[in-house]
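Trainee: Quick check, what structure comes out for this input:
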Amino acid sequence: MKLVIRAEDSLTLQGLVEPLQQVLKHSASDTLFRQQDWNRLKQLAEPYRDYCEQEQWDLEERALASLLSVCPIHQKEWSLFVLPLPIPAALPLSILEVVTGLYVNEVESSTFAKPLDFSPLAMVWLREAGVMPIRAWSGKLHKVIHGERLAILELEDEKADRLIPRYYEQKNHESEHIDEGMLLLQVNLDDTSPEWLAYVMEQCLRAGANDVHFLPVTMKKSRPGTLLQVMCYQSQAEALKTILFTETTTFGIRSFPVACHRLARRFIHVQTEWGEVAVKLGYHQKNRVQIAPEYAVCAKLAEESNIPLKWVYQQAIRLAEQESDVNLL
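Mentor: A predicted model of the protein is given here:
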């Protein structure tokens, strides 16, 4: 199912709940997970709370609880999109970051039915629920579900079941998703000591970089050099740029927005004849495609038992194949 949110006014969770309840069945998701999601979303929106009047904030909190009962963050059989959202032109600069990743149009507040109804909670929910921003919709329109100054467009889409949810800085990898809140930082180096580079890698990883690696390059005047690449969440970019500027000899850093397609992950433990091994499982479109025993544990068991590492590794894989689910429900 492909659903598109089209809003004519400032989007609120209160306005979304009823139309989404009409089109989606009540979810049987675990109450604990819903409570955890509710608490986490509230925490993410808390820095912007002062913009809302208390009554409006309380209504949005109640709407969020209702919304999570039909639209759990990590359990979805639908794909949800959102068209460019109108936002009040008078929004303070300090709150603009809450709409990061969304297509928006600034509109004079006088055009809104309720000018003060801008909802930080709604913006946070869109981002965390993996709602995909689009500039325009296309496809065969099956149904229109009307709400207060908004509508949910239900489109027929043969490929809807294969669409992968898109998130912004999603650090929970329980479900398969595409993380669009990433940056790739690059610097070219031809006068930095290799010993320094090893130290730089350690510092970047400690600061939260997802990946750090080096590539050989040929620079101007045919000098051999090193391309240092760092992939990170956008929220960590400034800290990592500081490390690159202070710990290397570079005079400039290139940055590119990147997306990372992450498999759904599960973890199990298997008991080999030499000891217990943790195994990470990867699922693509709910099918198991990766089995990865924990290398450090396998190496330790191999060394203690004076056997080849691959014996432990291969037995752990065989046991994981037998003891894990081939498909996610």
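Trainee: can you pull out the helices in the protein?
Mentor: Assigned by DSSP state H, the helices in the chain fall at 13-23, 31-45, 54-70, 120-128, 194-206, 237-247, 295-305, 309-323.
Trainee: In contact with residue 171, which residues?
Mentor: residue 233 (C-beta atoms under 8 Å, 6 or more residues apart in numbering). For the C-beta atoms, the positions are set from N, CA and C on the backbone; glycine is no exception.
Trainee: scratch that, residue 11
Mentor: By C-beta under 8 Å, 6+ apart, residue 11 lies in contact with 5, 82, 85, 119, 122, 123, 126, 150.
Trainee: Would you agree the second one is in contact with residue 99?
Mentor: No: look at residue 82 against residue 99 with C-beta atoms under 8 Å: they stay out of range, at 11.0 Å.
Trainee: Switch the helices of the chain over to CSV; also include mean neighbour count, distance to residue 137 and mean pLDDT.
Mentor: Shown next, in CSV, are those (neighbours: other C-beta atoms under 10 Å; distance: least, C-beta to C-beta, whole Å; pLDDT from 0 to 100):
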stretch, mean neighbour count, distance to residue 137, mean pLDDT
helix 13-23, 19, 15, 87
helix 31-45, 15, 26, 77
helix 54-70, 17, 21, 87
helix 120-128, 24, 16, 89
helix 194-206, 14, 40, 94
helix 237-247, 15, 32, 96
helix 295-305, 15, 46, 96
helix 309-323, 17, 42, 95
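Trainee: sorry, back to before: and the contacts of residue 11, which is closest to residue 54?
Mentor: Of all those, residue 119 has the smallest distance to residue 54: 13.5 Å, by C-beta to C-beta.
Trainee: and the gap between that closest one and residue 52?
Mentor: Separation of residue 119 from residue 52 (C-beta to C-beta, to the nearest Å): 7 Å.
Trainee: same deal with residue 89?
Mentor: Shown here: residue 89 relative to residue 52, a distance of 18 Å by C-beta to C-beta.
Trainee: With neighbour numbers in mind, choose between those two.
Mentor: Using other C-beta atoms under 10 Å as the criterion, residue 89 and residue 52 rank with residue 52 on top: 19 against 12.
Trainee: Look up the pLDDT of that one for me, please.
Mentor: We note a pLDDT of 80 for residue 52 in this prediction.
Trainee: same deal with residue 275?
Mentor: Looking at residue 275, its pLDDT is 96.
Trainee: tell me the contacts of it?
Mentor: Residue 275 sits next to 297, 301, 304 when contact means C-beta under 8 Å, 6+ apart.
Trainee: hang on, the earlier thing: okay if I get the helices of the chain as JSON lines plus distance to residue 223?
Mentor: JSON lines is the format used below for those (distance: least, C-beta to C-beta, whole Å):
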{"stretch": "helix 13-23", "distance to residue 223": "57"}
{"stretch": "helix 31-45", "distance to residue 223": "46"}
{"stretch": "helix 54-70", "distance to residue 223": "56"}
{"stretch": "helix 120-128", "distance to residue 223": "44"}
{"stretch": "helix 194-206", "distance to residue 223": "15"}
{"stretch": "helix 237-247", "distance to residue 223": "20"}
{"stretch": "helix 295-305", "distance to residue 223": "36"}
{"stretch": "helix 309-323", "distance to residue 223": "39"}
